[in-house]
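Chemist: Structural data only, the sequence is not supplied:
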């Protein structure tokens, strides 16, 4: 078995697990049920994923790690502050629209993780928040944005993250349009 | 047994259930565990709450019903549009800060409800969203706010609701201050 097919099988198991956990809860989904859904026996299932908690960990870390890498790339590009914020928002909403189950599981269930896995996921989440804070700070230093309370970042991320509940890749507004609408409201306000 | 003590016991059971469901998940919490946590045997527990799903329903509907009543009162008062939005945000964040477990369970677990219970909770949530839309529309009609896409309401509620993850009644900013900070950003934007 090549590394590639191992990775492909593992990714398939994790994707199906994300859908099951999102629908029935992490605690509400058994390994036997997951095995049945992916068509693998107990031994093969453990071969690909190790344990139920390891699956939850993989689901929880994968997208946030991607968003961190994406934010790092954008922060390196010395974009104009407003453009940087828009690209970060667009990147996040495009990812959420494509991976709604994974984000639902991440937001709802990461507290079921223990030890180093939990620490990693919390650290990744804090890192992502810090990149948004950096992006806002860039704008303040450039004189483009006003100084805002630190906690505003949590509001902005709430606005963006909460889309996992309703945003469809082919919905009324495309993910990019939702990102722009939110950023328009934040950057220029909603006053007439 | 008077109605009052029945209601008080029921409320105590529901409050403890909310903490357990928030910590271990709805599917991860058994009735035996709940009985033990509240110090009631199986018969007494069923006397107060009926079934596990009935507890989830009570947790999920109580705060959103309160927020709907509060929004209805505010909408009746003919407040200035900006004041109306601020009062709605403050009311919601004060409630979330006091009932974090209930909101966590509501947001994470309401999908476990079935039939009419599920329908009621979804309808209550949509009703609350419609009150926010009315409040924004009032502002547009009064010429105070610009016309914004319908879906912006979901972003505003994301910003506010997501505070259940981190807001403490005695945190760095009080719930009222968090509400004002978010409304400042939305109403006037963050541009320098």
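Modeler: Arrived safely. Worth saying up front: this structure is predicted, and the values here are computed from it rather than measured.
Chemist: any low-confidence regions in chain A?
Modeler: In the predicted model, chain A carries pLDDT under 70 at residues A:1-3.
Chemist: Residue for residue, what is the longest helix it has?
Modeler: The longest helix of chain A (DSSP state H) is helix A:115-141.
Chemist: Flag every buried residue along it.
Modeler: Under the neighbour-count criterion of 16 or more other C-beta atoms under 10 Å in any protein chain shown, helix A:115-141 has A:117-118, A:120-121, A:124-125, A:128, A:131-132, A:135-139 buried. For glycine as for every other residue, the C-beta is placed from the backbone atoms N, C-alpha and C.
Chemist: Of the residues you listed, which are in range of chain B?
Modeler: When contact is defined as C-beta under 8 Å from any C-beta of the partner chain, these meet chain B at A:136, A:139.
Chemist: Which single one of the buried residues of helix A:115-141 is nearest to residue A:157?
Modeler: Nearest to residue A:157 among these is residue A:132, at 6.5 Å by C-beta to C-beta.
Chemist: which secondary structure elements does the helix or strand hosting residue A:4 contact?
Modeler: According to DSSP states H and E, residue A:4 maps onto helix A:3-24. Counting contacts by 3 or more C-beta pairs under 8 Å, 6 or more residues apart in numbering or on different chains; DSSP states H and E, helix A:3-24 packs against helix A:31-38, helix A:42-49, helix A:52-76, helix A:100-109.
Chemist: Check the offset of the following helix or strand past the third one from the chain's centre.
Modeler: Using DSSP H and E, the helix or strand that directly follows helix A:52-76 along the chain is helix A:81-98. Counting by C-alpha atoms, centre = their mean, to the nearest Å, helix A:81-98 is centred 11 Å from the centre of its parent chain.
Chemist: With stretch A:139-150 instead?
Modeler: So, by C-alpha atoms, centre = their mean, the centroid of stretch A:139-150 is 25 Å from its chain's centroid.
Chemist: about what we covered before: what does the helix holding residue A:4 contact?
Modeler: If you take C-beta atoms under 8 Å, 6 or more residues apart in numbering or on different chains as the criterion, helix A:3-24 is touched by A:29, A:33-34, A:37-38, A:40, A:45, A:48-49, A:55-56, A:58-59, A:62, A:99-102, A:104-105, A:108-109, B:27, B:111.
Chemist: quick one: contacts for residue A:53?
Modeler: A:112-114, A:117.
Chemist: so which of those residues is the most crowded?
Modeler: residue A:112 (22 neighbours; other C-beta atoms under 10 Å in any protein chain shown).
Chemist: Ignoring the adjacent residues along the chain, who's closest to that residue?
Modeler: Leaving out its chain neighbours, the residue that sits closest to residue A:112 by C-beta to C-beta, 6 or more residues apart in numbering or on different chains is residue A:26, at 5.2 Å.
Chemist: swap in residue A:173?
Modeler: residue B:151 (5.9 Å).
Chemist: Give me the contact list for stretch A:64-84.
Modeler: A:87-88, A:91-92, A:95, A:106, A:121, A:124-125, A:127-128, A:131-132, A:134-135, A:138-139, A:142, A:144-145, A:183, A:187.
Chemist: Please repeat the previous calculation with a cut-off of 6 Å.
Modeler: Residues outside stretch A:64-84 that contact it (C-beta atoms under 6 Å, 6 or more residues apart in numbering or on different chains): A:87-88, A:91-92, A:124, A:127-128, A:131, A:135, A:138-139, A:142, A:144.
Chemist: Buried ones in that stretch, by neighbour count?
Modeler: A:64, A:67-68, A:70-71, A:74, A:79, A:81-82, A:84.
Chemist: for those residues, which one is nearest chain B?
Modeler: The shortest gap between chain B and any of the buried residues of stretch A:64-84 belongs to residue A:82, at 8.4 Å (C-beta to the nearest C-beta).
Chemist: contacting residues around residue A:149?
Modeler: Taking C-beta under 6 Å, 6+ apart as the test, what residue A:149 contacts is residue B:181.
Chemist: before we move on, back to that, is it possible to export the contacts of residue A:53 to TSV including distance to residue B:18?
Modeler: Shown next, in TSV, are the contacts of residue A:53 (distance: C-beta to C-beta, whole Å):
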residue	distance to residue B:18
A:112	17
A:113	22
A:114	23
A:117	26
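Chemist: Between the residues you listed, which sits nearest chain B?
Modeler: residue A:112 (7.0 Å).
Chemist: Could you check how far that closest one is from residue B:154?
Modeler: For residue A:112, the distance to residue B:154 equals 27 Å [C-beta to C-beta, to the nearest Å].
Chemist: With residue A:143 instead?
Modeler: In terms of C-beta to C-beta, residue A:143 sits 32 Å off from residue B:154.
Chemist: For the two, indicate the residue with more neighbours.
Modeler: residue B:154 (21 against 9).
Chemist: Leaving out chain neighbours, which residue sits closest to the more buried one?
Modeler: Closest residue to residue B:154 apart from its sequence neighbours, by C-beta to C-beta, 6+ apart: residue A:166 at 6.0 Å.
Chemist: same thing with residue A:95?
Modeler: Closest to residue A:95 by C-beta to C-beta, 6+ apart is residue A:63, at 5.9 Å.
Chemist: before we move on, the earlier item: from the contacts of helix A:3-24, list just the buried residues.
Modeler: Using 16+ other C-beta under 10 Å, the buried members of the contacts of helix A:3-24 are A:29, A:34, A:38, A:40, A:45, A:48-49, A:55-56, A:58-59, A:62, A:99-102, A:104-105, A:108-109, B:27, B:111.
Chemist: returning to that earlier point: reformat the buried residues of helix A:115-141 as a markdown table; add distance to residue B:174.
Modeler: Shown next, in a markdown table, are the buried residues of helix A:115-141 (distance: C-beta to C-beta, whole Å):
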| residue | distance to residue B:174 |
| --- | --- |
| A:117 | 34 |
| A:118 | 29 |
| A:120 | 32 |
| A:121 | 29 |
| A:124 | 29 |
| A:125 | 24 |
| A:128 | 26 |
| A:131 | 27 |
| A:132 | 23 |
| A:135 | 27 |
| A:136 | 22 |
| A:137 | 24 |
| A:138 | 29 |
| A:139 | 26 |
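Chemist: Cheers, nothing more for now.
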